[in-house]
Each structure stands twice: as C-alpha cells, then as structure tokens.
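Asker: with the sequence up front, the predicted model follows.
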Protein chains: 2
Amino acid sequence: MSAFPSALPEPDITPLRGGPVLRWGVLAPGRIAGAFVWALHQHTDQRVHAVASREPERARSFAATYGIARAHGSYEQLVADPDIDIVYVASPHSGHKAQALLAIAAGKHVLVEKPFALNAAEAREIAQAARAAGVFAMEAMWTRFLPQTVLIDRLLRDGVLGDPRLVVADFGVRFDFEPEGRIFSPALGGGALLDLAVYPLWFAHFVLGTPARVLATGVLAKTGVDGQTALVLTTDSGAQALVHTSLFVDTPNEAAISGTLARLQVESRFIAPGGFTLSSPTGEKRLRWSDSSALSGSGGLAYQATAAARHIAEGLTESPLHPLARSIAVLETIDAARRQVGYVP
Amino acid sequence: MSAFPSALPEPDITPLRGGPVLRWGVLAPGRIAGAFVWALHQHTDQRVHAVASREPERARSFAATYGIARAHGSYEQLVADPDIDIVYVASPHSGHKAQALLAIAAGKHVLVEKPFALNAAEAREIAQAARAAGVFAMEAMWTRFLPQTVLIDRLLRDGVLGDPRLVVADFGVRFDFEPEGRIFSPALGGGALLDLAVYPLWFAHFVLGTPARVLATGVLAKTGVDGQTALVLTTDSGAQALVHTSLFVDTPNEAAISGTLARLQVESRFIAPGGFTLSSPTGEKRLRWSDSSALSGSGGLAYQATAAARHIAEGLTESPLHPLARSIAVLETIDAARRQVGYVP
C-alpha cells in the first residue's frame, strides 16, 4: 500500500508551440468550429488554411472572421484542396460519418467532433476506412488532452489512487424545449446521451476501461430523443461508474474517482481546463492542482490539435491517449443506453 | 419562474434547551449509544436515566462513563423501569424489531437507530405496534433534524430549487475484510445498503418522495452481503436519484440536488452538521450556508432527541419531519436493491 503522496508531479504537457505544424481544413463552420479556430490561432502554431460550407457565403464570412485564407463552397472542394493536411469535421453528428469518409477517401487525416459518429457501427466504419487509407483519425475529445487529464492519467497509472472502484460524473444542460432544434431532433441524433453524456461516459471509460455491463434508465423528451438518463457501468472486477445526463436541468459537471488509496475530485466544469483535488480516503489529507496556463474554457481545444500534429509527425494513425477503440466503446455504451431508455433511431 | 434569492432564510431550528424534557433509557450500550448520550448531556436538557445491557458489567461501566443513574442487567428491566419515558434502541439492526416491540409493549416511546429494521416488513410491524399502543416511534435519522437539513427542506418547500430533477448522494466507507465482523455478517444484517446507504437513500426520498422504480446493481462481499451497490431511483415524473454505497472504498459523502431553478450541494460529510451551497443553474450565482453552532460531528445527534421530546409533548406519535412511512419506504427501496444484487437473507 502506497502512502499518500507529499506532492503532485508536474503534468507532462505537450508544448503548444514549436512542434510540427499542420495545415487544417475546417468542414462546416459553426459555433464549435469558431471556438476551435480561435483556440488554434491564439495558442498554437497550427494554422487553419481553409473552411468549407455548403453555403459559400457562410464559408466566406467565417474565413473573414477568423483570418482563414480559403473559403470553399463545398465539402468536396475542401477535401480535394492539396494544401490541406487534416480535416476537422465540425458538423452536427448526423453528418460525421459521411464527411469523415469523404475526407479519408481524399487521403486527408481527420479530427472528428464528439460524438465520433451516431453509433458504434458508424464509428467502426470510419475507423476501418482510416486504417485502410493509412490516415490519422481521432475523435475531438479535447478533455483528454487538457493538462489536468494528463496528470490524472499519470496518477492513475502510477497507482496513486489504488484500485479505482467508483467513478461519478455528470453533464446536464437545461435546454428550452424547441421541437425543431437539433438537440431535440431524432433525425439529427439529438438527445442528451450523444451530445452531453459522451463526456462523462468517456471519463468513466478512461478511468475504468470498457465496462462489462451497462444499465441505463431515463425518460424521453416529447420528440422521442433521450431527455434525462442515469447510467451505471460495471466492469468485470465490479468497479462502477455512475453517469448522469439531462436536457432538463444544469448539473454540476463534476467528475470524481474513489480509489482504495485515494479519492480525486475534478472541479466543475470537468470538461474544460480547471483543477482537481486528490484526497486521502477519508479526506484528512488533500493536494489541489489548478491549471495555471492562460488557456481557459474553449481555449483548451488547442491541446488536442497540437497532440494530433505530433502524433501525425510520429507516423501514428491514431492517438494512444484517445484511441479509436475508446471512441467506439463509448458509442457502444451509448447504443446500449439508448436501447434501454427506448430511443432507437 | 422565481429569481435566484438574494439571501438564504434563517433555518427554523428547534432550541436544544428550555423545551420539554424526557427521561431516556438506552438499550444496548455501544459506540453509537455513547455518542448519543454524550451529545444529549452536552448540548440538551434531555437526560439519560438508565442504560441496559445483557452483560450487567457493561451496563454499569457505560453508566459510570456517561453519568447515568441506573444500569439494568436486562432489556426487560429497562423497559419496565417506571422512571423511563422513551427507549433509545441502539443495538445492531438485527435486534431492532424485537427490542422496539419489547419497549412498545411496555408502553414506552421509542427512538430506533438506523436502519429502523432489517426490512420493510419488520418496520411495518414496529409502526403498527406503536400506533396500536399509542406511543411515539421514530427512526434515529439524525441528519433530518440538523439545521442544514431544516433549511434545505424550507428551500425545497418554498420552490427555490424549482422542480428537483436529480439527486446524487453517496456513502461509502472502506472496511477491512473481517468475515466475522458485523458489517460483513448476513445474520446481523450486514452490508453497505442497510448500514450506509440508508443515509443517501433517505436523502433521495426526502427530496423526491417515494420512487416509482428502483434499479440497483452491485457486487457482493465474500460473505454474501452487499459490498458495493449503485442505485437509480426514478419517480413517476421522471426525476432521478443516483445513490452509491460501498464497503470497499471511502466515498465523498456528499449530496446534491439539481433543480430547474437552482442547484444545491451539501458539503462532505452531508450526514453530519456542515454546510451547503445554493447555486443558480449554471453556477454564476452562489449562496453558501454553514452551520455556525458549536455542534459538529456526532454532536448533531442532539437535535433528533430534542425534536422527539417536543413531538411527544405535542401529543404526536410520529415525527412529521421523519414519519414512519418514510422509514418504511426507504427500507422498501433497500429490500428491492438487495433482491436485485442477489443478497436475499
């Protein structure tokens, strides 16, 4: 049994400047695409070279706003652009598969927004196509690349928490009910599981590995998408994760791990740069870590892009930090949960 | 839609001094009985007049330690003692039913340690006997009577949280595995559900009412008692409670409510006097409340005793704050969970 550490190690963070640089193409300009481009240009040497929208005016306006050289009026044009190394797929998730396959077929690397696809079958299809083409593919699970997560990963690997028996994580956001809105649309892959739960479910998989059993219960919104769901994931060893998501209420967006040697509480919002506290089991000893970099909120999107550039420079076709198998496994959990709550598209 | 409050109201706390005084008899001196007597004598006008153990020397030693006038060598003697108004049943829970019924048959009021009994059927039997005898009966769910809980109850009733859609609460304590110990003994009603989960399950029932559905999954300890269990309780309206308990790890012992108008986080350990934070849904506005009384830890056991004395003086046979129906309903949830995890005594 290890003693509670006297100090936390320094996280082994990939420097955001000075490494390999990719020329990025952004497919589908929207809110998340804007945040991503801003974070890259503000905090990294990565450069966005082109943006594409099916509405050319939208692409031009986005390019002007974010200082992007080229605006393409079709996705086909962007993936064919010889000056693009990697395509960032930022469309609603109902478009991820088709657009990722389009980019892969054109020989481009891809970074695909969360969730990687609408379900595990689609995710496997993208992964197989990328492997066959020998290109890099990754889900844009930016939380995995934040300094706090890099450090948590190290504490887990070093055994500082002992045997992690329990993970609790949540992500609920209250949405006003709009029957026509994307989040409530079955056709666009709406619902809390795909949109929000992908984060706490990823965290549960990250800490405990792929669960052997998934138990989910919840209620549907009036449009038939999952409105609120509680999940219990159980591993073969009996470790458990409790995950909660909702479109009806804002929840704390915290994540906690109870291990046999220590507990770890990631502060709200755990998905973004922040901090965490490592505690001895009963809480009498505590070590707090806080992200002191200038990157906060969606500025943290920068880390995943720099990591992708480095992975690609190393000749990798997927990230060892967030491999495709993990994206697929999380979608398998979401598939199971959607079946159990009665939302089968 | 109400605005987020500018300040918290004062909790309407029953004064610990100056009200009606009962003469208490303690049945089965152990750790919790010692803490209870100490809290009463330290913080209230309530007085413990007698203690009983089947081992007379144990009763005498306990009486000497805590300044109790009489030490009885049998439970029968104590319940027959004409100078006792109320019997506090502090034995392991496998003895609660027999001992509560003994005291009730002797015409005494009873305060019975948590859990009220081994299962809902036993709890109903005690409740029926108490009603038939016209005596006061209550489960010693001391957390319900703490100032923080009194204030949370008021915030809930005033609608400050809006519609509470989600409760998350936990209580896990790591026990070294001792096959012969009470906590691991099927014969003594061991397991985490009865011993620990009774608190977060009570909290879930307190906030959301009796659930329509209980989903439980977990693993048994080697002796066959429930070792770790996750529960999802769902009400008819689709509100959910996630509860977790474990004998394998210490967990934060926090409780949180997500409502449509506000969130409330009870600090660790939520079962004891402490504090809570009320937040606007996304967390930008916060009001913190902290218990500034001298009572901390098990000193907080005092409140339930003073409340019982007041209830009895008012001619009540159960507490409107923690009625017998609630104790029974929580045990129904535990019964269902024990069945689902495969621990059926």
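Answerer: Yep, it's here. Computed from a prediction, not measured in an experiment: that's the story for all the values here. Numbers count the residues shown, from 1 in each chain, chains lettered A, B, ... in the order given.
Asker: who are the neighbours in contact with residue A:278?
Answerer: The neighbours of residue A:278, taking CB atoms under 8 Å, 6 or more residues apart in numbering or on different chains as the test, are A:5, A:8, A:155, A:160-161, A:262-264, A:286-289. Quick note: C-beta positions are derived from backbone N, CA and C, even for glycine.
Asker: also residue A:243?
Answerer: Residue A:243 makes contacts with A:168-170, A:197, A:200-201, A:204, A:230-233, as judged by CB under 8 Å, 6+ apart.
Asker: beta-bridge partners for it, please?
Answerer: Partner residues in beta bridges with residue A:243: residue A:169, residue A:231, with DSSP bridges as the criterion.
Asker: likewise for residue A:112?
Answerer: Beta-bridge partners recorded for residue A:112 (DSSP bridges): residue A:89, residue A:139.
Asker: would you agree residue A:12 falls within a strand?
Answerer: No: counting by DSSP: H, G, I helix; E, B strand; the rest coil, residue A:12 is not found in a strand; it is coil.
Asker: in which helix or strand would I find the residue of the stretch 51-200 of chain A found nearest chain B?
Answerer: Of the stretch 51-200 of chain A, the residue with the smallest distance to chain B, taken as CB to the nearest CB, is residue A:165 at 4.5 Å. Of the helices and strands defined by DSSP states H and E, residue A:165 is found in strand A:164-172.
Asker: which strands and helices sit next to the helix or strand following that strand?
Answerer: Following the chain from strand A:164-172 toward its C-terminal end, the next helix or strand by DSSP H and E is helix A:192. When contacts are defined as 3 or more CB pairs under 8 Å, 6 or more residues apart in numbering or on different chains; DSSP states H and E, helix A:192 sits against strand A:226-234.
Asker: list, one by one, the residues from chain A near chain B.
Answerer: By CB under 8 Å from any CB of the partner chain, the part of chain A that sits against chain B consists of A:165-166, A:168, A:170, A:172, A:174, A:213, A:215, A:217-219, A:227-228, A:230, A:232, A:234, A:238, A:240, A:242, A:244, A:246, A:248-252, A:256, A:258-260, A:263, A:265, A:268, A:281-283.
Asker: which stretches of chain A form helices?
Answerer: Assigned helices in chain A, in chain order: A:31-43, A:56-66, A:75-80, A:96-105, A:120-133, A:147-157, A:192, A:198-208, A:301-313, A:324-341 (criterion: DSSP state H).
Asker: and those helices as JSON lines, adding mean pLDDT and mean neighbour count?
Answerer: Supplementary listing: the helices of chain A in JSON lines, determined by pLDDT from 0 to 100; neighbours: other CB atoms under 10 Å in any protein chain shown:
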{"stretch": "helix A:31-43", "mean pLDDT": "97", "mean neighbour count": "19"}
{"stretch": "helix A:56-66", "mean pLDDT": "97", "mean neighbour count": "17"}
{"stretch": "helix A:75-80", "mean pLDDT": "98", "mean neighbour count": "20"}
{"stretch": "helix A:96-105", "mean pLDDT": "98", "mean neighbour count": "22"}
{"stretch": "helix A:120-133", "mean pLDDT": "98", "mean neighbour count": "19"}
{"stretch": "helix A:147-157", "mean pLDDT": "97", "mean neighbour count": "19"}
{"stretch": "helix A:192", "mean pLDDT": "98", "mean neighbour count": "27"}
{"stretch": "helix A:198-208", "mean pLDDT": "98", "mean neighbour count": "25"}
{"stretch": "helix A:301-313", "mean pLDDT": "98", "mean neighbour count": "23"}
{"stretch": "helix A:324-341", "mean pLDDT": "98", "mean neighbour count": "21"}
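Asker: residues contacting residue A:197?
Answerer: Residue A:197 is in contact with A:171, A:229, A:231, A:243, A:245, A:334, A:337, counting by CB under 8 Å, 6+ apart.
Asker: how about residues contacting stretch A:92-104?
Answerer: The contact list for stretch A:92-104 (CB under 8 Å, 6+ apart) reads A:27-28, A:75-76, A:79, A:87, A:89, A:91, A:109-110, A:112-118, A:122, A:125-126, A:129-130, A:133, A:135, A:137, A:182, A:187-189, A:194-195.
Asker: and if we set it to 7 Å?
Answerer: Surrounding stretch A:92-104, the residues in contact under the criterion CB atoms under 7 Å, 6 or more residues apart in numbering or on different chains are A:27, A:75, A:79, A:87, A:89, A:91, A:110, A:112-113, A:115-118, A:122, A:125-126, A:129-130, A:133, A:135, A:182, A:187-189, A:194.
Asker: what is the nearest of the contacts of residue A:243 to residue B:208?
Answerer: Comparing the contacts of residue A:243 against residue B:208 with CB to CB places residue A:230 closest, at 12.7 Å.
Asker: okay, that closest one and residue B:184: tell me how far apart.
Answerer: The gap separating residue A:230 from residue B:184 is 29 Å, by CB to CB, to the nearest Å.
Asker: the contacts of residue A:197: which two are farthest apart?
Answerer: Pairwise distances across those peak at 13.7 Å for A:171 and A:337 (criterion: CB to CB).
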